[in-house]
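Novice: Whatever this is, show me its structure:
(one chain, ligands or ions: 1)
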Amino acid sequence: MDLRQPLIFDGHNDVLLKLYRAGGVPAAAGFMTGLDGALDAPAAKEGGFGGGFFAVYVPSPVDLDAKMEEMTKPEYQLSLPDPIAWRDAIPVVMSQVAVLFELERLGGVKICRSVADIRAALASGIMAAIFHIEGAEGIDADLNTLEVLYQAGLRSLGPVWSRPTIFGEGVPFRFPSSPDTGAGLTDAGVRLVKRCNQLRIMLDLSHITEAGFWDVARHSDAPLVATHSNAHAISAQSRNLTDKQLHAIRERDGMVGLNFAVAFLRSDGRMLADVPMSQMLRHLDHLIEHLGEDRVGLGSDYDGAVVPEEVTRVSGLPALRAAMEQHGYGTALIAKLCHGNWLRVLEKTWGA
Ligand code: ZN
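Specialist: Predicted coordinates:
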């Protein structure tokens with residue numbers, strides 16, 4: 001078996017944030033030649049990474065090292081950063097979208113607005129990129145920005161990262177904790193969900209509180225999708241999904257992308273990188289058991305999280321394919337997990 005196949009189409013990466021922090025548009029050239037990080041064009045070729053959801057995310061002014069250090073402890077309860085106003089968020093959003101356009105101009109990605117676009121990109125060997133927003137701080141209550149960004153290629157949106165927005169609340173980083181940590185959608189959040197349905201922008205439920213999850217389930221007519229979350233039954237993280245939530249995702253024919261972040265994989269919840277591939281397989285088994293083989297994929301969180309040592313970069317992804325094969329997954333199931341299920345759910349969400 002060629003372990004660079006089937007190509008992986010992935011639910012979440014933060015390379016736009018990384019390039020924004022490295023200086024924005026001028027830094028995008030590094031993506032083509034190689035970056036000191038998880039995802040770039042040469043590493044993608046090496047590992048068979050075909051593309052995925054490229055998140056636009058407005059960072060809070062927090063000490064990331066201190067946050068990571070706190071999450072190595074056996075229990076933790078990080079406080080949430082302050083909300084970010086639209087006027088402060090929008091320049092950051094524009095900068096990161098400009099980086100995405102620059103990556104396309106350089107030939108590093110193709111921004112995909114339809115599943116046909118994704119299939120064509122995967123077939124041609126160019127990385128397929130979905131313009132995704134993680135946390136809707138950059139969207140105004142009247143949703144005018146949503147319309148403009150949709151025209152610019154936005155096709156997927158999470159109403160919240162973990163900070164509260166005008167649309168709802170996200171879960172704080174807590175272990176152990178249920179995802180039922182706060183309020184659900186606001187009235188503006190319900191309007192956002194309905195407008196996303198009309199525009200057929202995919203709604204991402206990773207990060208949202210359990211109350212928010214059920215509010216989206218009630219108000220949205222689209223498949224329920226969590227791009228980068230794991231099984232709460234295995235890792236009792238606020239960020240992971242309970243079996244009850246998985247049941248709802250199955251009922252609504254959505255899917256879940258496996259998050260590689262070690263704190264969400266490990267049963268002890270600690271942000272420590274010595275995680276064997278077998279722990280990733282435990283989550284995949286649980287997700288497949290509760291969702292079925294057609295509703296599970298990958299959502300690595302590359303360039304946004306500490307990930308297991310064997311798959312630190314996208315060039316390491318052959319180790320994951322090998323682990324799936326050794327675990328007894330057949331060729332058809334591996335193809336579904338690597339990209340087939342994402343294309344299926346996107347087709348249902350966006351239309352053919
Ligand atoms: Zn995230």
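Novice: Chain neighbours aside, what residue packs nearest to residue 268?
Specialist: residue 74 (6.6 Å; Cβ to Cβ, 6 or more residues apart in numbering). Yep, even glycine has a C-beta here, placed from its N, CA and C like the rest.
Novice: Doesn't that neighbour lie inside a helix?
Specialist: No - under DSSP: H, G, I helix; E, B strand; the rest coil, residue 74 sits outside any helix and is assigned coil.
Novice: That one: neighbouring residues, count only.
Specialist: Other residues within reach of residue 74, judged by other Cβ atoms under 10 Å, total 9.
Novice: for residue 23, same thing?
Specialist: When neighbours are counted by other Cβ under 10 Å, residue 23 registers 12.
Novice: Please apply the same query to residue 235.
Specialist: Other residues near residue 235 come to 25 when the count uses other Cβ under 10 Å.
Novice: Ok, residue 85 next?
Specialist: Look at residue 85: counted by other Cβ under 10 Å, it has 10 neighbours.
Novice: pLDDT score assigned to it?
Specialist: Residue 85 carries a pLDDT value of 98.
Novice: for it, phi and psi?
Specialist: Note on residue 85: its backbone torsions stand at phi -70, psi 150 [degrees, to the nearest 10].
Novice: wait, what's in contact with the residue in the chain sticking out farthest from the centre?
Specialist: Residue farthest from the centre of the chain, counting by Cα atoms, centre = their mean, is residue 1 at 27.9 Å. Neighbouring residues of residue 1 by Cβ atoms under 8 Å, 6 or more residues apart in numbering: 321, 325.
Novice: Recalculate using a threshold of 7 Å.
Specialist: residue 325 (Cβ atoms under 7 Å, 6 or more residues apart in numbering).
Novice: Could I get the pLDDT score of it?
Specialist: pLDDT, residue 1: 72.
Novice: Distance check, it against residue 117.
Specialist: Computed as Cβ to Cβ, to the nearest Å, the residue 1 to residue 117 distance reads 28 Å.
Novice: just residue 269 next, same as before
Specialist: In terms of Cβ to Cβ, residue 269 sits 38 Å off from residue 117.
Novice: So for the two, which residue has more residues nearby?
Specialist: Remark: of residue 269 and residue 117, residue 269 carries more neighbours, 27 against 17, as counted by other Cβ under 10 Å.
Novice: Which strand or helix spans the more buried one?
Specialist: Counting by DSSP states H and E, no helix or strand carries residue 269.
Novice: got the contact list for the residue nearest to it when sequence neighbours are not counted?
Specialist: Of all residues not flanking residue 269 in the chain, residue 175 sits nearest, at 3.4 Å (Cβ to Cβ, 6+ apart). By Cβ under 7 Å, 6+ apart, the residues touching residue 175 are 75, 76, 236, 237, 269.
Novice: And the residues you listed, which of them are buried?
Specialist: Listed as buried from the contacts of residue 175 are 76, 236, 237, 269; burial here means 16 or more other Cβ atoms under 10 Å.
Novice: Around the nearest residue to the first one once chain neighbours are set aside, how many other residues sit close by?
Specialist: Nearest residue to residue 76 in three dimensions, chain neighbours excluded: residue 70, at 5.1 Å (Cβ to Cβ, 6+ apart). By other Cβ under 10 Å, the residues close to residue 70 number 14.
Novice: Dihedrals phi and psi, residue 70?
Specialist: Main-chain torsions, residue 70, degrees, to the nearest 10: phi -60, psi -40.
Novice: is it true that residue 130 touches residue 154?
Specialist: No - using Cβ atoms under 7 Å, residue 130 makes no contact with residue 154, being 9.0 Å away.
Novice: residue ranges of the helices in the stretch 1-150 of the chain, please?
Specialist: Remark: helices assigned in the stretch 1-150 of the chain by DSSP state H, counting those that start in this stretch are 15-21, 29-33, 41-47, 64-70, 86-105, 115-124, 144-151.
Novice: Need the winner for burial among those helices.
Specialist: A comparison of those by mean neighbour count, using mean count of other Cβ atoms under 10 Å, puts helix 15-21 on top with a mean of 23.
Novice: contacting residues around that one?
Specialist: Contacts for helix 15-21 (Cβ under 7 Å, 6+ apart): 27-28, 31, 37, 39, 54-57, 59, 95-96, 99-100, 303-304.
Novice: How about stretch 195-202?
Specialist: Residues contacting stretch 195-202 (Cβ under 7 Å, 6+ apart): 143, 146, 150, 154-157, 203, 220-222, 225, 346, 349-351.
Novice: Specify which member of those residues is nearest to residue 11.
Specialist: Taking Cβ to Cβ as the measure, residue 11 lies nearest residue 225 of the contacts of stretch 195-202, at 8.4 Å.
Novice: Just want the phi and psi numbers for that closest one.
Specialist: Dihedral angles of residue 225 (phi, psi; degrees, to the nearest 10) stand at phi -130, psi 130.
Novice: Quickly list what it is bridged to.
Specialist: residue 204, residue 255 (DSSP bridges).
Novice: What distance do you get for it to residue 262?
Specialist: Separation of residue 225 from residue 262 (Cβ to Cβ): 23 Å.
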